[in-house]
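Trainee: Got a predicted structure here, sequence first:
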Amino acid sequence: MVPVANYLILSAVLFTIGVLGVLIRRNAIVIFMSIEIMLNAANLAFIALADAKGSLAGQVFVFFVLAVAAAEVAVGLAIIVAISRQQGTIDVDEINLLKW
């Protein structure tokens with residue numbers, strides 16, 4: 001039996017890697033993948049805590065988070081592809097669509 005603390009530490013490490021990926025990288029796809037890593041880290045924490053409490057509430061919440069993440073992937077990748085075709089790059093420093 002693996003202690004819950006180990007799962008929470010792994011979740012914190014994954015979330016930290018995701019945050020660093022968002023803050024350091026400038027490629028839109030890498031930033032997008034880092035956000036997905038952060039969502040999966042939160043899901044891991046929900047599952048670990050739900051299992052420790054013997055409840056299904058965390059698992060139900062993870063199901064809804066996964067559904068939202070799937071929609072995010074579809075819409076986010078479509079936006080990235082559209083910007084890439086229009087601007088010719090996916091580097092977030094070079095994309096200035098919202099500037100006046």
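Mentor: Arrived safely, thanks for sending.
Trainee: ok, the most centrally placed residue in the chain - contacts?
Mentor: With distances taken as CA atoms, centre = their mean, the residue of the chain nearest its centroid is E36 (2.1 Å). Applying CB atoms under 8 Å, 6 or more residues apart in numbering to E36 gives the contacts 18, 69, 73. (C-beta placed from N, C-alpha, C; glycine too.)
Trainee: Closest to F32 out of those residues?
Mentor: For the contacts of E36, the minimum distance to F32 (CB to CB) is 8.1 Å, reached by V73.
Trainee: chain center to stretch 5-25, what's the gap?
Mentor: Its chain's C-alpha centre and that of stretch 5-25 lie 10 Å apart, by CA atoms, centre = their mean, to the nearest Å.
Trainee: For it, buried residues please.
Mentor: 7-8, 11, 14-15, 18, 21-22, 25 (16 or more other CB atoms under 10 Å).
Trainee: What is the neighbour count of F32?
Mentor: Counted by other CB atoms under 10 Å, the residues lying close to F32 total 19.
Trainee: doesn't it fall inside a helix?
Mentor: Yes. Under the criterion used here (DSSP: H, G, I helix; E, B strand; the rest coil), F32 sits inside a helix.
Trainee: I'd guessed it sits against L77; true?
Mentor: Yes. Between F32 and L77 there is a contact under CB atoms under 8 Å: 7.5 Å.
Trainee: Output the contacting helices and strands for the lowest-mean-pLDDT helix or strand in the chain.
Mentor: When the helices and strands of the chain are scored by mean pLDDT, DSSP states H and E, helix 57-87 comes last with a mean of 91. Judged by 3 or more CB pairs under 8 Å, 6 or more residues apart in numbering; DSSP states H and E, helix 57-87 is in contact with helix 28-53.
Trainee: Report the angle between the helix it packs on and helix 57-87.
Mentor: 180 degrees (axes from the mean of the first three to the mean of the last three CA atoms, to 10 degrees).
Trainee: Mind listing what's buried along helix 28-53?
Mentor: 28, 31-32, 34-50.
Trainee: avg pLDDT for that helix?
Mentor: Averaged over helix 28-53, pLDDT sits at 94.
Trainee: That helix: how far from the chain's middle?
Mentor: Worked out by CA atoms, centre = their mean, helix 28-53 lies 6 Å from the chain centre.
Trainee: Perfect, that will be all.
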